[in-house]
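[1] Following is a predicted model, sequence given first.
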Amino acid sequence: MMIGGKQIDPAKLMPKEEMLEFLRTNGANDPALSLIRDKQLEVFGNELIWRYPISDGKHIGTYIAVVKEGFISLPYDIIDKEEYELLELDDAATFDDEAMQYFIDDWRSFSDDLTDAMTEMLRVLRG
């Protein structure tokens, strides 16, 4: 599979349950996720984890991670100044094509709306 411009061997990816157990054991927070990101960067040349910092309708944000079974959402509702995002692992879910399309559409809508607003702000600032 090709992800982020890198050829990824799915056999080398962490299984979903192994990732969730690792996160539970190590704090279920961003620093624990950083340990996984560092390992994946070393193995694959890409962290294979992306922060999706807008609400999915239930959580304030999520991470999207590549696992052996596909792609999972690792949502969070709390951001702590020391531990950063605190993951809600009970709500971790595997993406299907419909869910991924929803995330893509929602991101584009969010991005387009913000870009339009900032463009207008810039227009006002320039007089």
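    Perfect, I can see it now. Residues are numbered from 1 along each chain as shown.

[2] quick one: the strands in this protein?
    2-3, 6-7, 49-52, 61-67, 70-80, 84-87, 93-94 (DSSP state E).

[3] how close does Leu125 sit to Leu114?
    16 Å (CB to CB, to the nearest Å). All C-beta atoms are positioned from the backbone trio N, CA, C, and that covers glycine.

[4] Pick out whichever of those two has more residues nearby.
    Leu114 (11 against 7; other CB atoms under 10 Å).

[5] Model confidence for the more buried one, exactly?
    Reported pLDDT at Leu114 in the predicted model: 98.

[6] Please apply the same query to Gly4.
    82.

[7] Ok, the one 3 residues further on next?
    Looking at Gln7, its pLDDT reads 92.

[8] ok, for it, nearest residue in space, not its chain neighbours?
    Among residues not flanking Gln7 along the chain, Met1 sits closest, at 7.7 Å (CB to CB, 6 or more residues apart in numbering).

[9] likewise Pro75?
    His59 (3.7 Å).

[10] residue contacts, the one you found?
    Pro75, Tyr76, Asp77, Glu88, Asp91 (CB atoms under 8 Å, 6 or more residues apart in numbering).
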